[in-house]
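# mind folding the following:
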Amino acid sequence: MALILKDNPVGVDAKIDVIQRVLFDNLQWTNYESYHRAYINPKDGKKIPEVYVGNGEYQEVFYNDEFTASSHFIVQNDRRFGELYQAEVSLIFHANLEELYPSILHRADEEMHRQISLILEDNQSIAELNRLVTGVDSVYRGLDVSRVTFTDMSEKHVVRFDLTINYQYIC
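Below you'll find the model as predicted:
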């Protein structure tokens with residue numbers, strides 16, 4: 001289990017930090033890798049999500065079968081101004097459902113959605129929980145998924161929660 005946080009987060013990253021910590025603490029999944037914000041970076045002429053790991057290096061965040069589950073956030077490029085800044089943020093999970101929910105005999109995707117949704121609905125850092133999206137192509141619409149080596153079937157699952165987050169820059 002690893003909670004990989006951003007150092008000294010500000011703005012939208014500070015809100016993501018709160019959401020990330022609450023999820024990690026409440027899910028209590030074994031072998032869960034929780035990443036902060038991923039960036040949409042060019043690779044071989046296409047776009048993929050990657051997290052910054054330091055020293056100018058990035059690591060892609062597609063499914064890694066070394067972990068039972070992993071998650072990361074993607075912040076949309078455009079943000080709204082008003083009394084508060086507002087960002088549309090996607091929270092993406094990859095999981096092996098059989099390892100996460102070994103006592104459930106059917107495909108436990110709805111159990112996973114329910115568990116995450118209940119935590120998100122109760123989180124004060126989220127202004128609105130907008131939608132839930134499944135399937136590799138839909139979750140990563142507009143990005144290159146040719147590097148993804150699994151399908152959203154059987155024990156493997158990918159799900160995206162689209163959120164609206166209000167934040168401000170406090171001096």
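
# what pLDDT, on average, does the lengthiest helix in the chain get?
Secondary structure of the chain read by DSSP state H shows that its longest helix is helix 12-27. Per-residue pLDDT values across helix 12-27 average out to 96.

# likewise stretch 135-152?
In this model, stretch 135-152 has a mean pLDDT of 83.

# how far away from the center of its chain is that stretch?
When distances are taken as C-alpha atoms, centre = their mean, to the nearest Å, stretch 135-152 is centred 14 Å away from the chain's centroid.

# in this protein, which spans are helices?
12-27, 97-100, 109-121, 136-139.

# closest one to G82 among those?
For the helices of the chain, proximity to G82 was assessed by C-beta to C-beta; helix 12-27 is nearest, at 14.3 Å. Where you see a C-beta, it was placed from the backbone N, CA and C, and this is true even at glycine.

# what is the orientation angle of the closest one with helix 109-121?
Angle, helix 12-27 to helix 109-121, by axes from the mean of the first three to the mean of the last three C-alpha atoms, to 10 degrees: 130 degrees.

# so what does helix 12-27 touch, helix or strand wise?
strand 2-3, strand 32-43, strand 69-80, strand 85-96, helix 109-121, strand 156-167 (3 or more C-beta pairs under 8 Å, 6 or more residues apart in numbering; DSSP states H and E).

# out of these, nearest to D144?
Of all the helices and strands packed on helix 12-27, strand 32-43 sits nearest to D144, with 7.4 Å by C-beta to C-beta.

# what average pLDDT does that closest one get?
According to the model, strand 32-43 has a mean pLDDT of 95.
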